[in-house]
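no letters, just coordinates:
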């Protein structure tokens, strides 16, 4: 009898473990890898949003804002504390198809820096269509045919005006037969490179790692709810700026402010690391971005959470990012907590696995100890 | 019953014979593309080639890693040669911060490696790194700023994930190790792809495939040599070494035809479309093929129904070093878009036509 109970319990545990392995991958590295391969650019976040929905624990009610943002709420006393991360990365989109089947490009949002487009030259890309990914390359002149003068200026003069994506077809009709349409997102190949020292590299890796951290936090809070109300949101269209006078907030963040009206907001973002030997650096923990000199209650709560759990963190004085701007009013507090990313906004963003884990631990600890209330 | 068994065995025999004659060049190419072999470091590619060759051909190998075999006897002596090296860089030094610097050169547009993954091929296996983007890459540049210094191989600052020289050396990295871009096979469609090092691994694959399908009666009454040589990209060095001992009457160098089949090139010359057949490089930067020989190749191709295009473009070929010794150089190719880039493009039909053409020439050349 006892043997049968043990066997049945074992089977049940195995099934639960299997379910946890497929639906709720507890391992943060696997989560990051799963999200890494999903393309997501401003206005085309649906694939990543769908993946996050599938990874979230079943039973959690998904809230939406109509713009593409997805969120989960954990009930509790008080106004909600909002953890907000971006769902969209920088990228390009199909703007036209030439008669001989090449794709022309545009951007859905302004690039992060002036060199961003030049990284396309001569590189493999993925065109995400409704019928699945289409592989392509951004054309580059043959080196043998370049004069010395043209070779020197090729990259400096490269722009979207002369960026043509070759998807191996000969006509517009053949391109459309592959499922390619105007506005399809075009992104770098999601090639993950594992470096020494527990560092990983790849395009939009910082964004995906942060998104994975919030999935992991949501998993944890689902098992043991926080002591106060919390909303975790992955915001769409954060690279698009809301129009109007004054500072330009991120559109997705402005929308999230209206939708969830939080008492406190923690923007969970990325920040450039390892620049010319200055802080922040990889491997030293999450970065608290200080927009004001005086310590705020939210900042103190994070410092306490970090100290209490022995999590190393870094500090950086900087102005509020477009994601934080909508929340920086008199009635609410906002703090940006960022994952340090080396070579940020290049096709080879580098993250440290220790920082990813520390960011998850810090956010969880913060919410468990009152969320700054 | 016996009759049925005979038919069954005959069917198996015919099927096996057909399989042996079926071109494998495409599959070979997809394998050999991923084998590292920067000029001067071709050992692994030569191993690959030697391992694939039938032992009966008694392949030879010299200290430089040139590999070749000769079959048959008599005149003419015809040589087919493809180069096994690829473009890439060599480590110059390791900084105290554990960063990697490389020697100048490389043959690729350095900017296409900026902020990109690379592999260092150490004695202990590959080690991944990232070529750091230029300092200040994300800073706003003012119009009045002085022009930026060009980003060259000497500017490469490869990050391995470590922060000291000792940590880098502990990974097995050392001065002199070759370094290549991390390769990706872009499959546009079945039988159409892009990758780094199609030049000249496609030539190697076509030649290997032809060797695997070579039959003894094809080279009766003539001498045929197949060679895979080294260090073409750095000055036809391997071919020059072979030319000291091999004295062919005809040399067919198998290498990329730099095609202008791309949206960024002038179509004034070199416009041989990808997918329209093998290529005879009538004129390139190192050789002018006699019209009589062009006619002979085209006649053989026509007789065998092999699609072949004729054109002129740029770039040199290994056959040219045999010219001084009295050989006639007839370079054969496939139309390759985006030559010397990370995305060299090739069509399976062109590669298989090239392999078929090699076999047809072995058989029919006089």
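That came through fine. What you see is a predicted model, and the numbers here were worked out from it, not measured in a lab. Residues are numbered from 1 along each chain as shown, chains lettered A, B, ... in the order given.

the residue in chain B positioned nearest to chain A: which element?
Of all residues in chain B, the one sitting closest to chain A is residue B:188 (2.5 Å; Cβ to the nearest Cβ). Where C-beta positions appear, they are placed from N, C-alpha and C, glycine not excepted. Of the helices and strands defined by DSSP states H and E, residue B:188 is found in strand B:186-189.

helices and strands around that strand, which ones?
Packing contacts for strand B:186-189, counted by 3 or more Cβ pairs under 8 Å, 6 or more residues apart in numbering or on different chains; DSSP states H and E, involve strand A:132-138, strand B:192-195.

quick one: closest of those strands to residue A:111.
Residue A:111 lies closest, by Cβ to Cβ, to one member of these: strand A:132-138, at 15.1 Å.

close to chain B, is that closest one?
Yes. Residues of strand A:132-138 contacting chain B under Cβ under 8 Å from any Cβ of the partner chain: A:135, A:136, A:137, A:138.

which strands border that strand, and is each parallel or antiparallel?
strand A:124-129 (antiparallel), strand A:164-166 (antiparallel) (DSSP bridges).

which of the residues in the helix or strand that the last one is followed by are buried?
In the C-terminal direction, the helix or strand that comes right after strand A:164-166 (DSSP H and E) is helix A:172-177. Neighbour-count burial for helix A:172-177, counted by 16 or more other Cβ atoms under 10 Å in any protein chain shown, picks out A:172, A:174, A:175.

which among the residues you listed gets closest to residue B:148?
When those are compared against residue B:148 (criterion: Cβ to Cβ), the nearest one is residue A:175, at 35.3 Å.

now do the contacts for that closest one.
Each residue near residue A:175 by Cβ atoms under 8 Å, 6 or more residues apart in numbering or on different chains is listed here: A:97, A:101, A:103, A:167, A:169.

sec struct for the residue most central in space within chain A, please.
Most central residue of chain A, judged by C-alpha distance to the mean C-alpha position with Cα atoms, centre = their mean, is residue A:207 at 2.4 Å. The three-state label given to residue A:207 by DSSP: H, G, I helix; E, B strand; the rest coil is helix.

same check, this time on residue B:232
For residue B:232, the secondary-structure state derived from three-state DSSP is coil.

straight-line length of stretch B:138-157, end to end?
With Cα to Cα, to the nearest Å applied, stretch B:138-157 spans 17 Å between its terminal residues.

secondary structure element for residue B:241?
Here residue B:241 is covered by helix B:237-243, with elements defined by DSSP H and E.

mind listing what's buried in that helix?
B:237, B:238, B:239, B:241, B:242, B:243.

gap between the residue nearest to the fourth one when sequence neighbours are not counted and residue A:263?
Take residue B:241 and drop its neighbours on the chain: the residue closest to it by Cβ to Cβ, 6 or more residues apart in numbering or on different chains is residue B:64, 5.8 Å away. Applying Cβ to Cβ, to the nearest Å, the value for residue B:64 to residue A:263 is 73 Å.

got it, and residue B:199?
Using Cβ to Cβ, one gets 62 Å for the distance from residue B:199 to residue A:263.

just to revisit the earlier point, which one is the residue nearest to the centre of chain A nearest to, not counting chain neighbours?
residue A:89 (4.7 Å).

which ones are touching that neighbour?
Counting by Cβ under 8 Å, 6+ apart, residue A:89 has contacts A:40, A:41, A:187, A:203, A:204, A:207, A:208, A:239.

if we use 7 Å, what do you get?
Contacts were defined as Cβ atoms under 7 Å, 6 or more residues apart in numbering or on different chains; by that measure residue A:89 touches A:40, A:41, A:204, A:207.

how many neighbouring residues does the residue nearest to the residue of chain B closest to chain A when sequence neighbours are not counted have?
Taking Cβ to Cβ, 6+ apart, and ignoring the residues beside it in sequence, residue B:188 has residue A:168 as its nearest neighbour in space, at 2.5 Å. Using other Cβ atoms under 10 Å in any protein chain shown, the number of residues around residue A:168 comes to 24.

against residue B:277, how distant is residue A:168?
As defined by Cβ to Cβ, residue A:168 lies at a distance of 17 Å from residue B:277.

repeat for residue B:29
17 Å.

tell me which of those two has more neighbours.
Just comparing residue B:29 and residue B:277: by other Cβ under 10 Å the higher neighbour count belongs to residue B:29, 25 against 22.

residues contacting the residue in chain A that chain B sits nearest to?
Scanning chain A for the residue nearest chain B gives residue A:168, at 2.5 Å (criterion: Cβ to the nearest Cβ). In this structure, residue A:168 makes contact with B:188, B:189, B:192, judged by Cβ under 7 Å, 6+ apart.

just give the closest residue to the last one, not the sequence neighbours.
Think residue B:192. When the adjacent residues along the chain are set aside, residue B:192 lies closest to residue A:168, with 4.7 Å between them (Cβ to Cβ, 6+ apart).

now the end-to-end length of stretch B:324-331.
So stretch B:324-331: terminal residues 16 Å apart, Cα to Cα.

also stretch B:169-187?
Stretch B:169-187 stretches 36 Å from its first residue to its last (Cα to Cα).

would you mark the buried spots in that stretch?
Along stretch B:169-187, the positions that meet the burial threshold by neighbour count (16+ other Cβ under 10 Å) are B:171, B:173, B:177, B:178, B:179, B:180, B:181, B:182, B:183, B:184, B:186.

so which one among those residues has the lowest pLDDT?
The lowest pLDDT within the buried residues of stretch B:169-187 belongs to residue B:184, which sits at 92.

quick one on the thing from earlier: these two touch, right, the residue nearest to the centre of chain A and residue A:85?
No. Under the criterion of Cβ atoms under 7 Å, residue A:207 is not in contact with residue A:85, lying 8.0 Å apart.

in the stretch 251-366 of chain B, which spans are helices?
With DSSP state H, counting those that start in this stretch as the criterion, the stretch 251-366 of chain B has helices at B:291-304, B:348-364.

from the ones you listed, which stretch is densest packed?
Between the helices of the stretch 251-366 of chain B, helix B:348-364 has the highest mean count of neighbours, a mean of 23, where neighbours are mean count of other Cβ atoms under 10 Å in any protein chain shown.

now that one: how far from the chain's centre is it?
Centre-to-centre, helix B:348-364 and its host chain are 16 Å apart (Cα atoms, centre = their mean, to the nearest Å).

again, but for stretch B:107-125
That offset, for stretch B:107-125, works out to 18 Å (Cα atoms, centre = their mean).
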